[in-house]
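Chemist: test case, fold it:
(one chain, ligands or ions: 3)
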Amino acid sequence: MKPDDEVLALRRARVARRWELDDEVVIVRAGEPAPWPGTDQHFGFMPHPDAVYLTGVGSPGTTLAYDAGAAQWEFFGPRFSPERLVWEQPPTPVGRPLEELEDWLSERDGRAVIELGACGQPEGAALALSAAIALERMTKDRAEIDDLRRAAAASAAGFEWVYAHAAVGMSERQIQIGMEAEFFAAGAPRVAYDSIVASGPHGAYLHYVYAGDDPLRPASRAITAGDLLLIDAGAQFGGYASDVTRTMVVGAEPDDHQEFLWRLVLSVQQRAIDMCRPGAVWREVHAAAATALGAGLVELGLLRGTPAELVSEGAVALFFPHGLGHLLGLSVHDLTSVPYGPAAGDDPVLSRLGPDRVLQDGMVTTVEPGIYFIDALLGDPAKREQFADCVVWERVDELRGLGGIRIEDDILVTDGEPDVLTAAIAKPIRIG
Ligand code: GLY
Ligand code: MN
Ligand code: MN
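Modeler: Ligands and ions are numbered 1, 2, ... in the order given. Predicted structure coming up:
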């Protein structure tokens, strides 16, 4: 749902309150399409999420300006020349013509100007102001939740196609095309990120994408009976992402290892989703999930030791080498452009964006545990020596080539039960 004037006014008022400025001038730019080097073409345009949040518009060039002294917002949008209109359709006209921005700024000559949005990595005052926008974007309003639900519904249409059509002999690419066609038919203008359709051993590359090898002559593997098929894909709607992973065995009943690991990942995911409640510390939710995965790997005979110690020593991370999830919104890994790190621990604003963040009503996070058999980790001689006591390498080596199992949903944290936005997408263990 496009945010109406009332919603936009509220977002701007809350952001301005956090900024605590005197008489500075702030500019928030949506940006321009990035040129494709060596050509006269441009990449598809991605508006800066902070600009989209504050304007509800995604057209290139649109610019929001704020006069803190007067507590006044002004919106500027491009108008195309007749020459340009021969080649391109006009953007929806919004605000004042962009040419007037320069005059608007010179009327405020001598005041500090802080540039945000599409102007590179923020630093200094711009970083503080960007972090303040991030804190507002961390919890979603009704218009945002509506778009997130629509993105999830379009994703559901794509996954339903997969469940009905994916079969042994089809290529990863065929499945990707069929699924994405349903995203678009359901109203999604674009995908939220490059779809991951990874069969068999390819599931062990966390971000395996079509044409990631060579965009000129991409390879695409055909599915064989008994392969795991890991699909991590999501439609985008109104700029908002969905991010869903399902893993299935295709064309055969799962073998014992596949079934054990699949049920382990699912049960860990269900318990982690249940922890997505206000007040939960994300780092602790991750630790609980990693520990439960470690316990499963001990039960299966791949690890030896105490699950919590296996997590702290790094043995579980050989099989689960990523975070349990991330915030979701106007980008798939939302709010990561504002850098945070060890130093952020002392900063009252930045520290709230990092892994220590405390879940709040209105936040949307993914929950995506996984177990993978990654050659780059499991075949590394230094790691094999380091973990000689706690990893049962002979058993692990038997499972190399299995790929990976990840199950991912998008969770709206509420004061009641966690609201799984992607709950309508079934979780079959076997298809085809
Ligand atoms: N789709 C990328 C991720 O799950 O983080
Ligand atoms: Mn994902
Ligand atoms: Mn994700």
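Chemist: show residues contacting the worst-scoring helix or strand of the chain on mean pLDDT.
Modeler: Ranked by mean pLDDT, DSSP states H and E, the helix or strand of the chain with the weakest confidence is helix 124-137, at a mean of 92. With Cβ atoms under 8 Å, 6 or more residues apart in numbering as the test, helix 124-137 has contacts from 11, 14-15, 18-19, 24, 26, 49-50, 53-54, 112, 114-116, 119, 122, 329-330, 334-335, 337-339, 349-350, 352-353. C-beta here means a position set from N, CA and C on the backbone, and glycine is covered the same way.
Chemist: are any of these buried, and which?
Modeler: Neighbour-count burial (16 or more other Cβ atoms under 10 Å) is assigned, among those, to 11, 15, 18-19, 24, 26, 49-50, 53-54, 114-116, 122, 329-330, 334-335, 338-339, 349-350, 352-353.
Chemist: now do the contacts for the residue of the stretch 301-432 of the chain found nearest ligand 3.
Modeler: With Cβ to the ion as the measure, Thr366 is the residue of the stretch 301-432 of the chain nearest to ligand 3, at 4.1 Å. Thr366 makes contacts with 243, 325-326, 328, 408-411, as judged by Cβ under 8 Å, 6+ apart.
Chemist: for the stretch 101-250 of the chain, which residues are neighbours of ligand 1?
Modeler: The stretch 101-250 of the chain has residues 193, 232, 243 near ligand 1, with proximity defined as Cβ under 6 Å from any ligand atom.
Chemist: separation between the residue nearest to the last one when sequence neighbours are not counted and Thr422?
Modeler: Distance criterion Cβ to Cβ, 6 or more residues apart in numbering; nearest residue to Asp243, sequence neighbours excluded, is Gly234 at 4.5 Å. Remark: distance between Gly234 and Thr422 (Cβ to Cβ, to the nearest Å) = 8 Å.
Chemist: does ligand 3 sit close to stretch 219-232?
Modeler: No. With Cβ under 5 Å from the ion as the criterion, ligand 3 is not reached by stretch 219-232; the gap is at least 7.1 Å.
Chemist: show me what counts as buried in that stretch.
Modeler: In stretch 219-232, counting by 16+ other Cβ under 10 Å, buried: 220-221, 223, 226-232.
Chemist: tell me the mean pLDDT over it?
Modeler: Stretch 219-232 shows a mean pLDDT of 98.
Chemist: mind checking the end-to-end distance for that stretch?
Modeler: 18 Å (Cα to Cα, to the nearest Å).
Chemist: now stretch 358-374
Modeler: Using Cα to Cα, one end of stretch 358-374 lies 31 Å from the other.
Chemist: can you check stretch 58-68 too?
Modeler: Using Cα to Cα, one end of stretch 58-68 lies 24 Å from the other.
Chemist: pLDDT on that stretch, on average?
Modeler: For stretch 58-68, the mean pLDDT works out to 97.
Chemist: try stretch 185-198
Modeler: The pLDDT scores in stretch 185-198 average 98.
Chemist: so which bits of the protein are right by ligand 2?
Modeler: Taking Cβ under 5 Å from the ion as the contact definition, the chain meets ligand 2 at 232, 243, 245, 408.
Chemist: for the second one, what are its contacts?
Modeler: What that stands for is Asp243. 192-193, 232, 234, 328, 332, 366, 368, 408, 410.
Chemist: ok, back up a step: can you pull the contacts of the residue nearest to Asp243?
Modeler: Neighbour list for Gly234: 151, 155, 191-193, 241-244, 332 [criterion: Cβ under 8 Å, 6+ apart].
Chemist: what do you get for Arg384?
Modeler: 378, 391, 393.
Chemist: secondary structure class for it?
Modeler: Taken by DSSP: H, G, I helix; E, B strand; the rest coil, the conformation at Arg384 corresponds to helix.
Chemist: quick one, grab the pLDDT at it.
Modeler: Here the pLDDT value assigned to Arg384 is 98.
Chemist: roughly how far does it sit from ligand 1?
Modeler: Look at Arg384 and ligand 1: by Cβ to the nearest ligand atom, to the nearest Å, they are 28 Å apart.
Chemist: for that residue, give its distance to ligand 2.
Modeler: Arg384 is 29 Å from ligand 2, where distance means Cβ to the ion, to the nearest Å.
Chemist: follow-up on the earlier one: who wins on neighbours among the contacts of Gly234?
Modeler: If you count neighbours using other Cβ atoms under 10 Å, the busiest of the contacts of Gly234 is Ser242, which has 34 neighbours.
Chemist: looks like that residue contacts Val420 (just checking).
Modeler: No. The pair Ser242 / Val420 is not scored as a contact, 11.6 Å apart, by Cβ atoms under 8 Å.
Chemist: which residues do those two both contact?
Modeler: Shared contacts of Ser242 and Val420 (Cβ under 8 Å, 6+ apart): Asp410.
Chemist: about what we covered before: which of the residues of the chain next to ligand 2 sits closest to ligand 3?
Modeler: Asp243 (4.2 Å).
Chemist: what's the closest one sitting at in phi/psi?
Modeler: Phi and psi for Asp243, reported as degrees, to the nearest 10, are phi -150, psi 100.
Chemist: so what pLDDT did it get?
Modeler: The score at Asp243 is 98. That number is its pLDDT.
Chemist: kindly report the same for Phe373.
Modeler: Listed pLDDT for Phe373 reads 98.
Chemist: for Pro342, same thing?
Modeler: 60.
Chemist: can we start the residue count at 53 from this point?
Modeler: All right, first residue 53 from here; so that's Pro394.
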